[in-house]
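Asker: Pasting the sequence and the predicted model now:
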Amino acid sequence: MSTWVWIAIAVVTAIIIVGVLWSALRTRRTRSLQDRFGPEYDRELEKAGGRREAERELAERQKRHDELELRPLSDDARERYVEEWQATQARFVDDPTGAVSEADDLVQRVMRDRGYPVDDFEQRAADISVEHPELVERYRTANGIARASERGEASTEDLRHSVRHYRALFVELLEVGDDDRGGNTDDVSEDARVSRLR
């Protein structure tokens, strides 16, 4: 065979190898983002209308999150927040709408103290999705109910769900050690986890 045939074979082989490697890297990136973001990956995929756009958005979230200077709460701040949360839950009996508003405010203050920017809800949700992908949809639901409550469009049962969703995120944002957290994240264990912080 002539030299140009060998060159053509080498070029085609190189193109195939590059294509296989690129496809493998793309598949690996997709799996990594799916593992990292869980259901949030599917939500973003549906919202973005395409895998490339969705993955770019999620990668940008990760990069932005990595640039945040997040810090743990001091023990005093954590205890103060726990006391405020317990007062908010107690308020629910007499003033469910006020309790939801307080829960929203309390979560934002904890986020601010931890170093999250809190000016825009969508950005807060995006930042939360990086570390707490299993809770971000609950946070969105809680916020949606809080906004509906402001318009007088939320039932007491809706408001109860909102407080429960805020509580789930609140407990995670307190960032207590595993010994204090327990292994469960259901509502009973969230109550126990809050009370163990005292």
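Answerer: The structure has been received and is ready for your questions.

Asker: Please make it C-alpha for all contacts and neighbour counts, starting now.
Answerer: Fine.

Asker: which residues touch the residue nearest to residue 71 when sequence neighbours are not counted?
Answerer: Leaving aside its sequence neighbours, residue 71 sits nearest to residue 114 (Cα to Cα, 6 or more residues apart in numbering; 5.0 Å). Listed by Cα atoms under 8 Å, 6 or more residues apart in numbering, the contact set of residue 114 reads 70-73.

Asker: Likewise for residue 98?
Answerer: Contacts of residue 98 (Cα under 8 Å, 6+ apart): 91-92.

Asker: Can you tell me the SS state at it?
Answerer: Three-state assignment for residue 98 (DSSP: H, G, I helix; E, B strand; the rest coil): helix.

Asker: if I look at it, how far off is residue 162?
Answerer: 12 Å (Cα to Cα, to the nearest Å).

Asker: do residue 12 as well
Answerer: Following Cα to Cα, the distance that separates residue 12 from residue 162 is 58 Å.

Asker: Who has more neighbours out of the two?
Answerer: residue 162 (27 against 12; other Cα atoms under 10 Å).

Asker: Quickly find the element holding that one.
Answerer: In the assignment (DSSP states H and E), residue 162 maps to helix 156-174.

Asker: That helix packs against which elements?
Answerer: helix 96-114, helix 136-150, helix 187-196 (3 or more Cα pairs under 8 Å, 6 or more residues apart in numbering; DSSP states H and E).
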